[in-house]
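Visitor: Sequence first, predicted model second:
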Amino acid sequence: MTNTGKWTPYVLALLRIMAALLFLEHATMKFLQFPGPIQGVPYPLPTIMLVAGAIEITSALMLVGFQTRIAAFIASGEMAAAYFMGHMPYGFWPALNMGEGAILFCFIFFYIAFAGGGAWTLDTARRPATA
């Protein structure tokens, strides 16, 4: 078996970037109605959706790797709240209450909050080089 450990920071960065892009799409749907409006949500947005959208904009920080751990932790909390408030009332099973995405986002962001952003982050670029 080959040593794949050297690729870990790069795969983590790809996970961070893709999750952030997908999460950012939720913010653009709320605020710009792009690529389309959110089905079943009235406009102007209710306060809770405005707060959720503001948190989802933090995914832009994760995208570029700036304050990644903090942004990921906050986003993880939002997705936990979204699951329990928006999905759990419709039943226990995530496949039936349409909560799979919220659970996946929650745990991906929770992992990134502890593992960091991986390679290709502004956080790494801003640190002074150590001798």
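Guide: It's in. Residues are numbered from 1 along each chain as shown.
Visitor: in this protein, which helix has the most residues?
Guide: Using DSSP state H, we find that the single longest helix of the chain is helix 8-31.
Visitor: What are the buried residues along it?
Guide: Going by neighbour count (16 or more other Cβ atoms under 10 Å), the buried part of helix 8-31 is 9, 12-13, 15-17, 19-20, 23-24, 26-27, 29-30. For the C-beta atoms, the positions are set from N, CA and C on the backbone; glycine is no exception.
Visitor: Quick one: list the elements packing against that helix.
Guide: helix 47-57, helix 59-64, helix 68-82, helix 100-115 (3 or more Cβ pairs under 8 Å, 6 or more residues apart in numbering; DSSP states H and E).
Visitor: related to what we said a few turns ago, and the buried residues of helix 8-31 as a markdown table, adding distance to residue 87?
Guide: Conversion of the buried residues of helix 8-31 to a markdown table gives the following (distance: Cβ to Cβ, whole Å):
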| residue | distance to residue 87 |
| --- | --- |
| 9 | 33 |
| 12 | 27 |
| 13 | 29 |
| 15 | 23 |
| 16 | 24 |
| 17 | 26 |
| 19 | 19 |
| 20 | 22 |
| 23 | 16 |
| 24 | 21 |
| 26 | 14 |
| 27 | 19 |
| 29 | 17 |
| 30 | 17 |
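Visitor: Nothing else from me, thank you.
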